[in-house]
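Asks: Predicted model, plus sequence, below.
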Amino acid sequence: MIELYSPIEIDAPVEVVWDIMADLPAYPEWNPFIHEIAGPLETGAHLREKVYFFNNVYLPVGLIAKRILPLTEMELWRSGPAFLNVVYFGAHIFSFEPLPGGRTRFLHRYLSLGFVSWLVQAHLNKGVKQVQVKMNEALKQRAEARVRSQPAKSTA
């Protein structure tokens, strides 16, 4: 198994970051790698997405929401025929940790399983890691812009 970690600290409360990640229809507005994602965001649900492959080519992919813990964790596993999962299988796990001052530590983990993972490890370490970092940066920009656009709370 290969695991890639991409943490980022976001100047927005965990509720804002979660709301952006949970708003699946809005992904194409901010996520540079997801052209479309649809389905209920609940544990056990099947989702479908069109994910960036290369040169404006998007591939349809099935997902299973293995674990959805609002404001805490979102675990999405690739779904496909069982025989392919032995060859290659991937999962994205998103963790949300509240920090002092209304900030959030967002951790994007990618798990790659199956014997092909070892053959493409260099691509995973470089290409997939770059995708994680770019997605995290886009999430950070969107969340922080949302907080800036909210009216200041009155202390009276």
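Replies: The structure has been received and is ready for your questions. Residues are numbered from 1 along each chain as shown.
Asks: Tell me where this protein has helices.
Replies: Taking DSSP state H as the test, the helices found in the chain are 14-22, 27-30, 82-87, 115-119, 121-123, 129-149.
Asks: Please pull out the lowest mean pLDDT helix or strand from this structure.
Replies: Evaluated with mean pLDDT, DSSP states H and E, the helix-and-strand set of the chain has its lowest mean pLDDT in helix 82-87, which scores a mean of 54.
Asks: wait, what's in contact with Y27?
Replies: Contacts for Y27 were tallied using CB atoms under 8 Å, 6 or more residues apart in numbering; they are I34, E36, I37. From N, CA and C alone the C-beta is placed, and that goes for glycine too.
Asks: Could you list the residues in contact with the longest strand along the chain?
Replies: Identified as the longest strand of the chain according to DSSP state E is strand 57-69. Among residues not part of strand 57-69, those counted as contacts by CB under 8 Å, 6+ apart are 35-37, 39-53, 73-80, 91.
Asks: Try it again at 6 Å.
Replies: The contact list for strand 57-69 (CB atoms under 6 Å, 6 or more residues apart in numbering) reads 35, 41-43, 45-53, 74-77, 79.
Asks: Ok, stretch 46-54 next?
Replies: 33-39, 58-64.
Asks: Kindly reformat the helices of the chain as JSON lines and extend each row with distance to E3.
Replies: Listed next are the helices of the chain as JSON lines, based on distance: least, CB to CB, whole Å:
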{"stretch": "helix 14-22", "distance to E3": "20"}
{"stretch": "helix 27-30", "distance to E3": "23"}
{"stretch": "helix 82-87", "distance to E3": "17"}
{"stretch": "helix 115-119", "distance to E3": "10"}
{"stretch": "helix 121-123", "distance to E3": "11"}
{"stretch": "helix 129-149", "distance to E3": "11"}
